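Trainee: heads up, no residue letters with this:
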């Protein structure tokens, strides 16, 4: 499955109301570590179809970054049943990301 972009317009349907576990990737185009992490996030989306993987550009969606208390990027947030269950800050290896969402 490919990644999706989340905005304040679709956060409710894509994340909060999702029956699947959701991995949110908070990023920005100017962020070098975010660009390093992006292919890994894409691999997770492809290899774990049971996980919904979404990306939030903090420059375009500052209200979502604030709502999730994002202080630095990249930040990965896992949401299950509409609630945050875990998070990781910084570049993570694929194995750590898969552990985070399981």
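Mentor: Good, I have the coordinates. This is a predicted model, so every value here is computed, not measured.
Trainee: all contacts plus neighbour counts: C-alpha atoms, from now on.
Mentor: Noted.
Trainee: and the spatially most central residue of the chain, which of the three is it?
Mentor: Averaging the C-alpha coordinates of the chain gives a centre point, and the residue nearest to it by C-alpha atoms, centre = their mean is residue 24 (1.5 Å). For residue 24, the secondary structure call by DSSP: H, G, I helix; E, B strand; the rest coil comes out as strand.
Trainee: state the distance from it to residue 69.
Mentor: In this structure, residue 24 lies at 13 Å from residue 69, with C-alpha to C-alpha, to the nearest Å as the measure.
Trainee: please, where are all the strands along the protein?
Mentor: Using DSSP state E, the strands assigned to the chain run over residues 4-5, 21-27, 51-57, 75-80, 83-89.
Trainee: what's next to the second one, contact-wise?
Mentor: So that's strand 21-27. Contacts of strand 21-27 with the rest of the structure, by C-alpha atoms under 8 Å, 6 or more residues apart in numbering, involve 15, 34, 41, 50-58, 65, 70, 73-81, 101.
Trainee: give me the below-cutoff pLDDT ranges for this structure.
Mentor: The chain contains no residues with pLDDT under 70.
Trainee: I am finished for the moment; much appreciated.
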